[in-house]
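> When you get a sec, could you give me coordinates for this:
(one chain, ligands or ions: 3)
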Amino acid sequence: MKNVEKYARGYFMPPKTSLKWTQKESITEAPIWCSVDLRDGNQALIVPMNLEEKLEYFKLLVEIGFKEIEVGFPAASETEFAFLRTLIEQDLIPDDVTIQVLTQSREHIIRKTFEALQGAKKAVVHLYNSTSVAQREQVFRKSKEEIIEIAIVGAKLLKQCASETEGNFQFQYSPESFTGTEIDFALEICNRVLDIWQPTAENPVIINLPATVSMSMPHVYASQIEYMSENMRYREHVILSLHPHNDRGTGVADAELGMLAGAQRVEGTLFGNGERTGNVDIVTLALNLYSHGVDPKLNFTNIPAIISVYERLTKMRVSERHPYGGELVFTAFSGSHQDAIAKGMSWREEKNPQHWSVPYLLIDPKDIGREYEGDIIRINSQSGKGGIGYVLQLKYGLDLPPKMREHFGYCVKNVSDRQQKELMPDEIHDIFMKEYVNIKTPVEFVKYRFADEEDFRTIVTLRDSSGVKELTGTGSGRLDAISNVLQAHLGLDYTDLIYTEHALETGSKSQAVSYIGIKGSNGKVHWGCGIDVDIMTSSVKALFSAVNNMTR
Ligand SMILES: CC(=O)SCCNC(=O)CCNC(=O)[C@H](O)C(C)(C)COP(=O)(O)OP(=O)(O)OC[C@H]1O[C@@H](n2cnc3c(N)ncnc32)[C@H](O)[C@@H]1OP(=O)(O)O
Ligand SMILES: CC(C)C(=O)C(=O)O
Ligand SMILES: [Mg+2]
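Numbers count the residues shown, from 1 in each chain. Ligands and ions are numbered 1, 2, ... in the order given. A predicted model of the protein is given here:
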């Protein structure tokens, strides 16, 4: 691309870190989650949520299990202010949930924030100012010392305002644009704020290190976090928090590596809504932990219900491919994936129902409220016999013999390819019925009886283009006798009768299903299926269907 020389890296690799995080294999417990949907998520919407919408969203977050929720920027607008007042005055904040509010380091904004907080039993007051080279030079036009001064003035005012009210306040500081800040300067400004707040075991301070704009690969962010964690004053009384955005598509990786590097808390949003490409997606982070057998301490057992509220309130859409939440993420269209999933599901049922290791499915879709039926295996021209057979079995109880599945697989694939569309289970069933079941031309089965059971002498009644006929014959068994009658009548020659059957529960009725394959002299196998309350009749109908298919 022609303008590449315009760009250069804008981040700062820390001078020395122990890189302990690179040796850690996994995250072993859930972090403290803080939802910033109602602030960072909300400020990024085309139309921010109104009071009622924010109240409903807050309820959703509480139901999911968030214990820390940034409810807004109360000094930003009347709606933001009124929302916080409503939460407090209507006593809508559960005792085990702490609300958080954001403020710039400006006196009137801090004072307005405390005004909005009056009567709150407890809250986190989150102060931020920007520290990166670009912001210092271009936006604030201030020296490093002057930028530190902004933070210090705000930190002191927070302390003073908190002491003038009865609320139980915890403080949080974010060096906004941390990822574009020289690491030692970021450390210094955080330490200077901590010096003012004097964190203790009873009242720890949250230091939040945002990837306001994600600028580097995740290992750089992790190294920055580790450096801060290892060099920060009062570290034992500091809760180190992450706030990744997703500009480079690595929000989740940033958060995961940042946790390995020592962070204890993560701020993010549902499905990654937020400024530009969004905040880090907490659904993905939480379910990533879950997929490793770590309890995320958030409840995503009904993802479809959460998505429906989320989409209605934010007017955003969860994409079909969104990790865990997307409509298609547990769906396989392609044949070999479907085959492996169908086999994996039955292996699990047989061998180890407690443990999930089904190929292609990271977690059991049922655990987050997705159904197997209609969700996992969907059929189009990329599908194969395994998946198509699975759908027929799951939805209609039809367990085709393997070779017939293959034959049917091609029939279905061809229909989908010709029509250029996905086929629904009822359409697949229709194709099956038309292709194989109780086929009546050129010869229609009417009835049979055995004149002599000893030598399997049978009288078969059938109808063809010239009317109803009674034909006789014998064989080595009952089906063989009827087969001989048909071969003689139609002048056919086939061998290798393949036969299977099983019971079929349809409503309260039990029927028998028989499948028959016959091989013609050219080696081609023709299939038929018969369904009847009587097993023998079902197999005769299957034979007629196969024979009719051979003549077609
Ligand atoms: C990365 C983030 O998400 S940070 C959060 C961003 N969220 C929001 O901004 C949403 C809510 N914000 C608002 O509603 C408004 O910006 C308000 C009410 C907070 C402030 O409004 P206004 O004062 O009218 O405008 P504005 O935000 O443009 O003010 C910019 C001024 O604040 C200064 N400023 C910006 N951020 C900070 C900060 N964190 N601390 C101190 N000063 C700041 C700027 O340098 C600028 O100063 P100047 O007046 O000397 O040029
Ligand atoms: C206010 C801060 C934490 C923020 O949202 C960001 O830096 O992205
Ligand atoms: Mg942000």
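> Show me how this structure divides into domains.
28-314, 335-429, 444-551 (the TED database).
> Same list, these, but as CSV with distance to ligand 2 please.
From N, CA and C alone the C-beta is placed, and that goes for glycine too. Shown next, in CSV, are the domains of the chain (distance: least, C-beta to the nearest ligand atom, whole Å):
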stretch, distance to ligand 2
domain 28-314, 3
domain 335-429, 28
domain 444-551, 57
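> Mean neighbour count, those domains: which tops it?
domain 28-314 (a mean of 20; mean count of other C-beta atoms under 10 Å).
> where are the low-confidence patches of this structure?
507-508 (pLDDT under 70).
> And the residue at minimal distance from the centre of it, how far from ligand 2?
For the chain, the residue nearest the mean C-alpha position is residue 324 (1.1 Å; C-alpha atoms, centre = their mean). Applying C-beta to the nearest ligand atom, to the nearest Å, the value for residue 324 to ligand 2 is 23 Å.
> tell me the SS of that residue?
What DSSP: H, G, I helix; E, B strand; the rest coil gives for residue 324 is coil.
> Can you tell me the element the closest residue to it other than its chain neighbours falls in?
In space, and not counting its chain neighbours, residue 324 is closest to residue 287: 4.6 Å by C-beta to C-beta, 6 or more residues apart in numbering. Per DSSP states H and E, residue 287 falls inside helix 282-291.
> And for residue 83?
Per DSSP H and E: helix 78-89 holds residue 83.
> helix or strand right after that helix?
strand 98-104.
> What separation is there between residue 129 and ligand 1?
If you measure residue 129 against ligand 1 using C-beta to the nearest ligand atom, the figure is 4 Å.
> no no, residue 415
Separation of residue 415 from ligand 1 (C-beta to the nearest ligand atom): 52 Å.
> on that earlier part again, okay, angle between the helix holding residue 83 and strand 98-104 too, please.
150 degrees (axes from the mean of the first three to the mean of the last three C-alpha atoms, to 10 degrees).
> Show me what helix 78-89 is packed up against.
helix 51-64, strand 68-72, strand 98-104, helix 107-116 (3 or more C-beta pairs under 8 Å, 6 or more residues apart in numbering; DSSP states H and E).
> hang on, the earlier thing: ok, now how distant is the residue nearest to residue 324 from ligand 1?
In this view, residue 287 and ligand 1 are 26 Å apart by C-beta to the nearest ligand atom.
> Which element is encountered next along the chain beyond the longest helix belonging to the chain?
As assigned by DSSP state H, the longest helix anywhere in the chain is helix 144-163. Using DSSP H and E, the next helix or strand after helix 144-163 towards the C-terminus is strand 168-176.
> Any part of that next one near ligand 1?
Yes. If you take C-beta under 6 Å from any ligand atom as the test, strand 168-176 does meet ligand 1, through residue 176.
> can you tell me if the next helix-or-strand element following that strand touches ligand 1.
Next helix or strand after strand 168-176 toward the C-terminus (DSSP H and E): helix 183-197. No. Using C-beta under 6 Å from any ligand atom, helix 183-197 never reaches ligand 1; the gap is at least 12.2 Å.
> which residues sit against helix 183-197?
By C-beta atoms under 8 Å, 6 or more residues apart in numbering, the surrounding residues in contact with helix 183-197 are 12-15, 127, 131, 144, 147-148, 151-152, 155-156, 158-159, 171, 173, 175, 178, 205, 207, 209, 224, 227-228, 231-234, 238.
> Dump it to CSV, restricted to CA.
The C-alpha trace of helix 183-197 is given here as CSV (Å, rounded to 0.1, in the frame of the first residue of the first chain):
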residue,chain,number,x,y,z
ILE,A,183,6.1,3.1,30.6
ASP,A,184,8.1,4.9,33.2
PHE,A,185,5.9,8.0,32.9
ALA,A,186,2.8,5.8,33.2
LEU,A,187,4.3,4.2,36.4
GLU,A,188,5.2,7.6,37.8
ILE,A,189,1.7,9.2,37.3
CYS,A,190,0.1,6.1,38.9
ASN,A,191,2.5,6.2,41.8
ARG,A,192,1.8,9.9,42.4
VAL,A,193,-1.9,9.3,42.5
LEU,A,194,-1.4,6.4,44.9
ASP,A,195,0.7,8.5,47.1
ILE,A,196,-2.3,10.8,47.6
TRP,A,197,-4.9,8.1,48.0
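> That one to strand 168-176, inter-axis angle?
Relative orientation of helix 183-197 versus strand 168-176 (the same axes, to 10 degrees): 160 degrees.
> returning to what we had before: can you tell which of the helices and strands packed on helix 78-89 is closest to residue 438?
Proximity to residue 438 (C-beta to C-beta) singles out helix 51-64 among the helices and strands packed on helix 78-89, at 51.9 Å.
> hmm, back to that, ligand 1: which of the helices and strands packed on helix 78-89 is closest?
strand 98-104 (3.4 Å; C-beta to the nearest ligand atom).
> ok, for residue 140, nearest residue in space, not its chain neighbours?
residue 147 (6.5 Å).
> Double-check that neighbour against residue 131; I have them as touching.
Yes. Residue 147 is in contact with residue 131 according to C-beta atoms under 8 Å; the separation is 5.9 Å.
> mind listing what residue 250 touches?
Here residue 250 is in contact with 214, 217, 218, 244 (criterion: C-beta under 8 Å, 6+ apart).
> Let me have those residues in CSV, extended by distance to ligand 1 and secondary structure.
Converted to CSV, these look like this (distance: C-beta to the nearest ligand atom, whole Å; DSSP: H, G, I helix; E, B strand; the rest coil):
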residue, distance to ligand 1, secondary structure
214, 12, coil
217, 21, coil
218, 20, helix
244, 12, strand
